[in-house]
Structure formats: C-alpha cells, structure tokens
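Student: Sequence and predicted structure, then a few things I'm wondering about:
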Amino acid sequence: MFWRLTTCTIVLFLVCSCGIAIAQNGKYDLRLIQESVDCGTRKITFVAQIKASNLDSAFILGTSNLPFTVSPGTLTNPVLSSIDNYSGGRYGLLTLVAQGSVLTLNVLYNGSAPFDDTVNVTTSWSDIAHLTFDIPVGTDGCYTATWNGPGAFPSARVSQVVIEGPVATEVPAISGTLGDAAGCAFAASLPTATITGDTVVNSGQQATLKVSFDGSPPTSISVAGVVYNNLSVSPLNINVFPDQTTTYTIDSVSNACGRGTVSGSATVTIAAVPPADTIATLDVAADTVCLGSDIQVAFTTNAFFNSANAFKVQLSDANGSNFTDISSTGTATPGPLNATIPANLPGGAGYRVRVVSTGPGITGTASAPFVIADAPTATLSGNATITSGDSANLTVNFTGRGPWKIQLSDGSEFTTSVNPFTIPVFPTQTTTYSLTALEDACIEGLGSGTATVTVLPDGEPCTTLCVPVTVAIIKK
C-alpha cells in the first residue's frame, strides 16, 4: 500500500476533516476488444478498457499491473499504439512490458496533496490504451487474449485511491468480470460475393450477370474461369454470350485478408428455337398403283397456313427424283389429297410422291417408294393341225397384274389369274386366232401374236403324223 499525506497536520486531521472521504469499495471489470485490422500490413489493434462493476463500486484508479496472455505465434511484436487514459498529470507514463506471451500494462499513480482527484473508473467503459500486434504471414490470424485473473501468475493487481481528508491511500480493488478477446483477425474483413442474373436469351445473345460483393477492397473475383482484379465498387456486371443453357457460379472471391465466401448462381437459359415449318408426306397405301389411277396422299404438318394457301401433290420419276406437279385436289389439313397418276408413264418401282404448299411455301418430305405398273401385255401362240372334230390348245403369256381379262378373235372371253393360260379351242375349219381385248387389274393393254389351227377334213390322209403312234422294235 502507498500512503499519500496532505499538508494538514496529523493533529488537524484528527480534529477536523480537510476533504471528502471516498469509501474503499472499488470493484472493476476489464475487457480487451479487437478494434481494427489492416489486411495489407497484417496488423491488428486491440483496446484495453476498464469500468466499475456497478454504481456503488466506482473508484479512482491507483497504481495497477494489468497482465494478459496472448496466443503465441499469432499476435507478435506488441506496441502501445496509443495511451488513452491513466497516464500523465496525476499519473506516471503508462508502460507495456512483454514477458513471452504475457503482456502487462503498468499504471503508476503519482498524485500528491492536495488530493482533489475525482472518480475516474465509472460504470462507463474507459479506454486504457490501444495495442497493435503483427500477424505473421502464413497464419490465419485466429487469436486469444486472456486477462490474468486471480490465481493466475502473474495476476492482475488493481489499486484504488482512497482519499480520507488530507490523506490518500491505495488499497486493492476487487476483481469483477474479465472480458477476454478471441476470434479471427481477418474474419470480419473477408469478402463475400453473390451472383444473380437468371434470364432467357437466344443462342449467342448477350446476358448480363451481376456479382455483388463486400469486404475490404481491393477485391478479386473469379467467375467461369475469368478473374476480375482490383475491384472496389459493387456490383460487378459481367456480360456472357452462351450458346447453350449455362449456370454460372462464382469460383472465388478474395482480398488482402484472404479468401472469402461465395453464394448464388445465375442460369442463362437458351430459348427454344421454334421448329421449322414442315410437311411430312405419308406413304401411299398401296405398294403398287396403276397408270391413270387415283390415289390418296395423306400428310402431317406443324405449320399454319394462310387463306391463300394451296396444296399440291408432286410425283417423282421412276428413280425417286425430279418431282413434278400432278393433278390433285384437296385443301384440308392434314389431308388427304386426291391425286391422279398420269397414264403415260413408264412403269417402275422407285416412284415417290410429296406434298407442297404455297402459303407459306413448304416442300414436304417424300413418301416411301412405290410401284407404278406398266400396261399389261398378252402374247398368243399355239399353231396346230387337227382333224375335224378334234381340239387344239392355245397359250397366252401375260405381263402386268392379274387377274387378266382377254377376248379372242372368235368372241370368246376369259378371266384368269394363271400365267401362262391355256385355252382349248374346237374349230370346225382352219382358223387363225388373235387377241382382240386385254385388261388387267390396273388398265387395258395390248395383245400380240396369232395362233392358226388347221383343220383337216375327215378321210383326208395326213401328210404329217396326225395321231400318236407307238413303235416298238423287237429283236430276236
């Protein structure tokens, strides 16, 4: 304890009061607070503060030693960056003593008579001093700074100045709440960044993404592999030109304090391209059609047609190419249209049809190949010589599609699906036969050839073998 005597004599002190007595009930709270950090220089500043625990425990701060322990390796090179109170005037110079990881703030009370000090530890926090530390490169800056309370070594010794009349005495104050500091130096200054900008554009069209960020500038942001440096004004607008639907996120955000946190996404959707107007021509129902016949041509379409539109049917050549218009009728969608196969075409197995429109002009896809049958032919043969009353066989060979209907020159008619076809005849006189009419399942055709049946009168000797004869030669 330290005693301070006034100029009053002891006798006067005993018989009169030379000043106001201040009670000995001081109780204090201490705290350390991170006040600032400079990420560029990697320096962090704390403020040490004191206050009275309650209204009844306010006091005058006397000579005190305030030790606290910091995390080694994280907080280094401590300096008093400012001395705020309890130094100068009634106090000696406040000092900071470092012993390893233990730092001590030393307050020296130098008051002398007359003791007119006023209470300077009240219920409001009072700054004692600011302390600045270096944060070594390679560390994350996470720290602890803990007051050495009762029981620790060294422990805090806080004195209060008790003034009784002309005499001032320093007596211990009672420890209250000790507010330690713990945290990560750079956490509050690490940047955050959020990306937004969902939109729909056409392929290759520009879309703008917005990246909002905070934290101590300058800031670096990477989006889709592109790095944007030295940013200080938020938001960052980024133009992109995707050719397919793409979702963008932030790769990273950082500043001098370190790597921050990112959030959000922006999806640029490529608008669906409307399908082209099309006409799909369906296959002809029959795999073989006849010259000059009518067919139905059906189709499907996704197009919208104007009131002036006209549908047409086109027919290819026998190789499936070189389409030309053929006679057709019909305006309904999706058809079918009625079309007539020209009668003057050569037969073939590679014909196709397609539907075209005029409003709008669309050329439809082609149907599968189909057959256009040639006109049928029939060839008559069967020259023979018979005896009156006998019969002869005529033969007709057909082409085309059966069944075939023919008429002989003698007026007889036959319908058959058999090819070749045999006709028995019974002429009474020599007769030459020909085909006078022919048609198949498609169309009329042409007959050719003749067959002459020679009839011999009864009794007239044959000059040729007229009847079957079996000859056997027997050798003895």
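Tutor: Cool, the structure landed.

Student: From residue 37, how far out is residue 247?
Tutor: Relative to residue 37, residue 247 is positioned 35 Å away (Cβ to Cβ, to the nearest Å). For every residue, glycine as well, the C-beta is placed using N, CA and C.

Student: Of the two, which one has the most company?
Tutor: More crowded of residue 247 and residue 37, by other Cβ atoms under 10 Å: residue 37, with 23 against 11.

Student: what packs against the host helix or strand of that one?
Tutor: Residue 37 is part of strand 27-38 when elements are defined by DSSP states H and E. If you count contacts as 3 or more Cβ pairs under 8 Å, 6 or more residues apart in numbering; DSSP states H and E, strand 27-38 packs onto strand 43-52, strand 142-147, strand 174-179, strand 181-184.

Student: Go through that strand and flag the buried ones.
Tutor: Within strand 27-38, the residues that count as buried by 16 or more other Cβ atoms under 10 Å are 27, 28, 29, 30, 31, 32, 34, 37, 38.

Student: Identify, from these, the entry nearest to residue 78.
Tutor: residue 32 (12.0 Å; Cβ to Cβ).

Student: Name all residues that make contact with the closest one.
Tutor: 46, 47, 48, 49, 68, 145, 147, 179, 180, 181 (Cβ atoms under 8 Å, 6 or more residues apart in numbering).

Student: try it again with 6 Å
Tutor: 46, 48, 145, 181 (Cβ atoms under 6 Å, 6 or more residues apart in numbering).

Student: what about residue 168, neighbour count?
Tutor: 25.

Student: same question, residue 216
Tutor: With other Cβ under 10 Å as criterion, residue 216 counts 18.

Student: so residue 429, which of the three states?
Tutor: coil (DSSP: H, G, I helix; E, B strand; the rest coil).

Student: pLDDT at it, what is it?
Tutor: Per-residue pLDDT puts residue 429 at 94.

Student: Could you find the closest non-adjacent residue to it?
Tutor: The shortest distance from residue 429 to any non-neighbouring residue, by Cβ to Cβ, 6 or more residues apart in numbering, is to residue 455 (5.2 Å).

Student: now residue 387
Tutor: residue 456 (5.2 Å).

Student: burial of residue 142, as a residue count?
Tutor: With other Cβ under 10 Å as criterion, residue 142 counts 14.

Student: what sits opposite it in the beta ladder?
Tutor: On the basis of DSSP bridges, residue 142 is bridged to residue 184.

Student: just use 42 as the starting number from now, easier for me
Tutor: Noted, 42 is the first residue going forward, which turns the last one into residue 183.

Student: Tell me how far it lies from residue 116.
Tutor: 10 Å.

Student: And residue 108, by the same measure?
Tutor: Counting by Cβ to Cβ, the gap from residue 108 to residue 116 is 15 Å.

Student: okay, the two: which has more neighbours?
Tutor: residue 116 (25 against 21).
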